[in-house]
Every structure is written in structure tokens, then in C-alpha cells.
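In: got a sequence here, can you build the structure:
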Amino acid sequence: MALPGARMPGGEKLRKAKLRGVASEGMILASDELEIGDDHDGTLVLDDAFAAGTSLTEVIPLAEPVLEIEVTPNRSDCFRRVRGRA
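Out: Purely as a prediction, here's the structure:
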């Protein structure tokens with residue numbers, strides 16, 4: 001759930017609003033709205049095994065490890081393509 005003040009992946013800031021005459025205090029999100037999947041068939045349901053208040057980073061892999069390297073021009077052999085990877 002994203003509460004008022006949260007920023008959506010597109011940069012839009014959520015605010016309190018009225019929908020069909022009812023006050024809205026936030027938004028329940030689908031995986032595509034969180035940019036962690038392509039599914040928009042409904043809200044993202046988390047596993048019941050996690051207790052309320054568990055950090056979202058423990059539940060969903062929000063970040064991927066990144067290895068940043070700088071290859072000097074004299075090491076063109078390091079640019080070789082590994083099978084199955086770009």
C-alpha cells in the first residue's frame with residue numbers, strides 16, 4: 001500500500017483524494033505499479049509467513065547486486081561474450 005506522499009515509479013506523488021465520494025487515504029498496488037513485474041490482474045498479495053511490519057526488502061527483491069568494472073583498452077579480451085549473457 002502506498003500512502004499519501006509516496007512517489008510512484010513514474011514520479012507522481014500520491015495525495016489524498018475522493019473517489020466516488022469516498023475519501024482515499026492511499027493506494028493498493030499491483031506488481032506492475034511497483035515495477036517489479038508485469039502483472040496488473042490485481043493487487044500484489046504477499047506470503048502470510050511474513051509478520052506485519054516486516055521490511056519490504058526482506059519480502060521482495062527490490063534491488064539487484066551490481067558489479068561495476070572499468071576495462072582498460074589494452075584488455076579487449078575482457079569484452080568477450082559469456083554464453084547465455086550479454
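
In: not counting sequence-adjacent ones, nearest residue to Lys16?
Out: Once flanking residues are discounted, Lys16 sits nearest to Pro4: 4.9 Å by CB to CB, 6 or more residues apart in numbering. To be clear about C-beta, it is placed using only N, CA and C from the backbone, and glycine gets the same treatment.

In: what about that neighbour, neighbour count?
Out: 13 (other CB atoms under 10 Å).

In: pull the contacting residues for it.
Out: Neighbouring residues of Pro4 by CB atoms under 8 Å, 6 or more residues apart in numbering: 14-16, 25-26.

In: just put the residues you listed in JSON lines and tack on neighbour count and pLDDT.
Out: Supplementary listing: these in JSON lines, determined by neighbours: other CB atoms under 10 Å; pLDDT from 0 to 100:
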{"residue": "Leu14", "neighbour count": "16", "pLDDT": "88"}
{"residue": "Arg15", "neighbour count": "9", "pLDDT": "89"}
{"residue": "Lys16", "neighbour count": "11", "pLDDT": "90"}
{"residue": "Glu25", "neighbour count": "11", "pLDDT": "87"}
{"residue": "Gly26", "neighbour count": "13", "pLDDT": "86"}
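
In: and the helices in the chain?
Out: 56-59 (DSSP state H).

In: can you give me the strands for it?
Out: 17-19, 22-24 (DSSP state E).

In: who touches the last one?
Out: Around strand 22-24, the neighbours that count as contacts under CB under 8 Å, 6+ apart are 16-18.

In: quick one: those as a markdown table, columns for distance to Val71 too.
Out: Formatted as a markdown table, those follow (distance: CB to CB, whole Å):
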| residue | distance to Val71 |
| --- | --- |
| Lys16 | 50 |
| Ala17 | 50 |
| Lys18 | 56 |
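
In: report pLDDT for Gly5.
Out: Looking at Gly5, its pLDDT reads 90.

In: what's the local residue count around it?
Out: Applying other CB under 10 Å, I find that Gly5 has 10 neighbouring residues.

In: and if you look at Asp32?
Out: For Asp32, using other CB under 10 Å, the count is 14.

In: torsion angles phi and psi at the residue nearest to Lys16?
Out: phi -50, psi 130 (degrees, to the nearest 10).
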